[in-house]
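Participant: coords below, sequence missing:
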DNA sequence: TTACTTACCTTACTAAGTAAATTAAGTGGT
DNA sequence: ACCACTTAATTTACTTAGTAAGGTAAGTAA
């Protein structure tokens, strides 16, 4: 979706690392004059800097390498998880400088939650000492579906939210532009751009927690991204009823509650749950259901990589190696060859990384539906 | 993916019908000055015309309605189906003025087929009497996967083609720019833009023929489209081997060959096959497999409408009504509510409509990866 | 020193739009 | 008949984001 030459240049510098203006011109197709002009502007804005040339070519004028200044701009990341909110401040290389979390009750009204999260964000901004004009915007990750404009949370099963205008709400609270995205989708993009999937063209991010969800992301201009309701793929037609209204959904087999029931231990930490479940005789059926749903998802969406996130990111090595062994047999040969299965790189406040990534795409790399905000002089004019 | 204001205006005139410049400005957000300038250029080019105003508002200066001239430009459509090629000439409203078909053997080399198809296209262009500068380009529908650039047929199971550069080949043959797309995907877009799905935001096109395939299309800027390998969704793990390399794929249950085996009649026409199959006692299992794969596909992709194409487009009414009754129970409630199931509007040389649509998107409405070609004066300068 | 190569910058230009003011073409009140 | 009012369309002057062409910078090699 990269639209402007400036966004294209920044994205290349992020993905391929520091390089000379000449090389930028070659790989982007932008004229060298254009690169000069745009990089000059960016240097004025403090967004990129020159670096004392690396290995010069043996001939001709040695190139000057330019690189992104990670701390030149920041975004606020707000991850609304199941009962927990993470707020963080991220630089443009997805480095989180401050993070904070807060608990909430799933029945808490959305607007009350927005106020509390915004208060945390405000105090964090103050504490960080980052001048406000360097903070470009807010990215919000939500545990449910998002409309096409990236402003409304249309539906969240877990909390019961319906058509909540989170972007509007946070913009009003913080005075910064905001975008929202589905949690797993945001994480898919984060892994795709900055994490384990940076070499892959497309990726499916699997998120196991209270439920099981997924997101799909693709790099490049016109790279699409979308939520994937893998938790509600039917793996046992006519099976047990699911909160989604269907029957026999994957989530009724492979998510916290059914796994806990399988293990029969309510005190086990969630990260140990999978290891314990794998010891049970009934595990085979659960694993088969998971494999079937995942195989179908890969067949239909064709990702080059599967990234295991949430509790799957800390799954026992046996689980990962079994999956690497068994999944290829469930997908088409063309997909099978290149298919990689990896653990997620971003953990801990994983959702905050996703939310930050979404904000960066929109407000810094200019690949989202919103105009970039880093040219400060233009923003100052408004 | 609409990028230029000109493309945006044309797309609106297509989707919402003729309207005044003022209204175009309002709904697109383009300044009224811009609309004036752009429409003036388009009128010069002969692409749009004014119409003696419709019902004027009771107050203020009466608006002048503008509309697209369907016969102002043409594209060549080439549909490469299973053993049959359709070549057609289409105006910008997807009206096919000439169509022709030719048979080929599935083992015929791709380049020989290109030559023969191109020869048909050349003679058709001559016969049509359309001046060559009004023919914008070629759209090619292929029975397999296509790379991201819209130029290479990476893989076709039916014919065994691998990495065939159809766009390059037809450009060389015809001297016109070319784009390719997966057949079912092209048809999805055609139904979405001009056919039964014009009110829907997104749609899944199901194509039953020798195999079963599908395509997904979404309207609007950033509207994505992609092939959907529904035929290779596994509906019976460990089942009968499929030519794709997997086992128990839907295509082993629900496509020409297995249906014919079910009915036990080799002479039945393909359009009567489904009706005959529905009478057999084993139909229930086949239908269940279809329902399961389709339900999962809808869950994962979330289309607003399902369009039945190919032999499904002429399926018995009983089939369609059963599907309308049974499918909603297999998808999530949010998807269930708005989900519509309809027969395709484009039949006969259906694939040609798809191919034409793809060409129009790229070369006229400027929503594809290629620059629009309708401004003749610019093209003349090159 | 001179020739050559590659990197980068400057100038002049163009494409594609916008904002603000102006003109056009109707209605209805007096 | 005339004028206020409204909406539509156009014109003018400007802005933004680039490109093309050519010049300058900074090194190596003979």
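Facilitator: Okay, I see it. Note that the coordinates shown come from a computational prediction; the quantities given were computed from them, not determined experimentally.
Participant: what is the one helix or strand residue A:186 maps to packed up against?
Facilitator: Here residue A:186, judged by DSSP states H and E, is contained in helix A:183-193. Here helix A:183-193 touches strand A:135-142, strand A:202-208, strand A:212-218, strand A:225-228, strand A:305-310, helix A:350-363, going by 3 or more Cβ pairs under 8 Å, 6 or more residues apart in numbering or on different chains; DSSP states H and E. Just so you know, the C-beta spots here come from the backbone N, C-alpha and C atoms, and that holds for glycine as well.
Participant: what's the angle between the last one and strand A:305-310?
Facilitator: I take that to be helix A:350-363. If you take axes from the mean of the first three to the mean of the last three Cα atoms, to 10 degrees, helix A:350-363 sits at 130 degrees to strand A:305-310.
Participant: helix A:350-363 vs DNA strand D: in contact?
Facilitator: No. Taking Cβ under 7 Å from any atom of the strand as the criterion, helix A:350-363 and DNA strand D are apart, separated by no less than 14.5 Å.
Participant: please name every helix or strand in contact with that helix.
Facilitator: Applying 3+ Cβ pairs under 8 Å, 6+ apart, one finds that helix A:350-363 contacts strand A:74-80, strand A:84-91, strand A:96-103, strand A:135-142, strand A:178-182, helix A:183-193.
Participant: count of residues packed around the nearest residue to residue A:120 once chain neighbours are set aside?
Facilitator: Distances taken as Cβ to Cβ, 6 or more residues apart in numbering or on different chains put residue A:87 closest to residue A:120, at 4.8 Å, once the chain neighbours are dropped. The number of residues packed near residue A:87 is 27, by other Cβ atoms under 10 Å in any protein chain shown.
Participant: write down the beta-bridge partners of residue A:87, one by one.
Facilitator: Beta-bridge pairing for residue A:87 (DSSP bridges): residue A:78, residue A:100.
Participant: state the distance from it to DNA strand C.
Facilitator: Applying Cβ to the nearest atom of the strand, to the nearest Å, the value for residue A:87 to DNA strand C is 35 Å.
Participant: how about that residue, what does it touch?
Facilitator: The neighbourhood of residue A:87, defined by Cβ atoms under 8 Å, 6 or more residues apart in numbering or on different chains, consists of A:76-79, A:99-102, A:117, A:120-121, A:124, A:352.
Participant: now with 10 Å?
Facilitator: Residues in contact with residue A:87 (Cβ atoms under 10 Å, 6 or more residues apart in numbering or on different chains) are A:76-79, A:98-102, A:116-125, A:138, A:349, A:352, A:355.
Participant: which of those residues count as buried?
Facilitator: A:76-79, A:99-100, A:116-118, A:120-121, A:124-125, A:138, A:349, A:352, A:355 (16 or more other Cβ atoms under 10 Å in any protein chain shown).
Participant: mind checking what secondary structure the closest residue to DNA strand D within chain A has?
Facilitator: In chain A, the residue that lies nearest DNA strand D is residue A:34 (2.5 Å; Cβ to the nearest atom of the strand). In three-state terms, and counting by DSSP: H, G, I helix; E, B strand; the rest coil, residue A:34 is helix.
Participant: with adjacent residues omitted, what lies nearest to it?
Facilitator: Using Cβ to Cβ, 6+ apart, the nearest residue to residue A:34 is residue A:5, at 5.8 Å.
Participant: pretty sure residue A:211 contacts residue A:159?
Facilitator: No. Under the criterion of Cβ atoms under 10 Å, residue A:211 makes no contact with residue A:159, lying 11.8 Å away.
Participant: between those two, what contacts are shared?
Facilitator: Shared contacts of residue A:211 and residue A:159, defined by Cβ under 10 Å, 6+ apart, comprise A:82, A:143.
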